[in-house]
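K.L.:
Following is a predicted model, sequence given first.
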Amino acid sequence: MREKIEKLLNDYKTGKIDVDEFINELRWFPFENIEFAHVDHHRTLKHNFPEVILCQWKTPEQVKEIAKRILEKSNFLLATRANPEHFNAVKKIAKDAKYNELARTITVARGEIKKDDKKGKILIITAGTADLPVAEEAKVTAELLGNEVELLYDVGVAGIHRLLSNLDKLKSASVIIVVAGMEGALPSVVGGLVGVPVIAVPTSVGYGANFNGLAPLLTMLNTCAPGVVVVNIDNGFGAAFAATLMNRK
């Protein structure tokens, strides 16, 4: 790592690269090597936010140690798919950590979350109440990333009049995240109504033929509505991050 930095500095000093190229190269390193992880501290340069911890399949001690390293260099932390044991471990090194039981997220925000007035609003829509945990993960993520967020819940196609009575909210959004289980038809309906990007999130909510989210995933991938893109099953975090990148433009 030292050799890479020295070469980069020398290239800048001798005029081989300009300041923009220098900063762009810095985006790719460094990372911190610990026993079980490589913590990417320069993720902030790429996304204006530090690396996010996926707690599922990690032990509480592993999550705590990764969180500790991130918070040594950042004022913000987001951990997803966290259980109370993960949260209790993080609280030992971050007394200001907060746990959202519905979203299963751990967050730390030490300082003001900067919001750009030029950015639009992200609207998160759920087909049913059972889809709320995935939608809440998206909401927590999007808000921590500095977006204005609004949540519209339980407006699925089984009662389409509930959605149509909220057309003003759809029209005011710059990006829309649609979270739906069962057959997953709602994103196509929304995509046919608006002229902004729609991010579809299939959920594992549904009876047997839902196949734990596979049925709505295939429905969403086969949408005929233009402007609809799809993330993985139950991936509220991924939808919110993509929506943030779209919203920045």
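P.N.:
Looks like it came in fine.
K.L.:
Which neighbouring residues are in contact with the closest residue to residue 171 other than its chain neighbours, exactly?
P.N.:
Nearest in space to residue 171, with sequence neighbours left out and distances taken as C-beta to C-beta, 6 or more residues apart in numbering, is residue 194 at 7.2 Å. (Each C-beta comes from the backbone N, C-alpha and C, glycine too.) Listed by C-beta atoms under 8 Å, 6 or more residues apart in numbering, the contact partners of residue 194 are 170-171, 173, 176, 227.
K.L.:
how does it look with 10 Å?
P.N.:
The neighbours of residue 194, taking C-beta atoms under 10 Å, 6 or more residues apart in numbering as the test, are 123, 167, 170-171, 173, 175-176, 225, 227.
K.L.:
Any idea how many residues pack against residue 68?
P.N.:
Residue 68 is flanked by 17 other residues according to other C-beta atoms under 10 Å.
K.L.:
Just confirm residue 7 is within a strand.
P.N.:
No: read with DSSP: H, G, I helix; E, B strand; the rest coil, residue 7 is helix and lies in no strand.
K.L.:
can you pull the contacts of it?
P.N.:
By C-beta under 10 Å, 6+ apart, the residues touching residue 7 are 16, 25.
K.L.:
show me the contacts for residue 25.
P.N.:
Applying C-beta under 10 Å, 6+ apart, the residues contacting residue 25 are 4-5, 7-8, 11-12, 17.
K.L.:
any idea how far residue 138 is from residue 176?
P.N.:
Distance of residue 138 to residue 176, computed by C-beta to C-beta, to the nearest Å: 11 Å.
K.L.:
Show me the helices in this structure, by range?
P.N.:
For the chain, the helices defined by DSSP state H occupy 2-13, 19-26, 43-47, 60-71, 84-91, 132-144, 161-164, 167-171, 186-193, 214-221, 236-248.
K.L.:
Domain boundaries for this protein, per the record?
P.N.:
Following automatic domain parsing, the chain resolves into domains at 30-109, 121-248.
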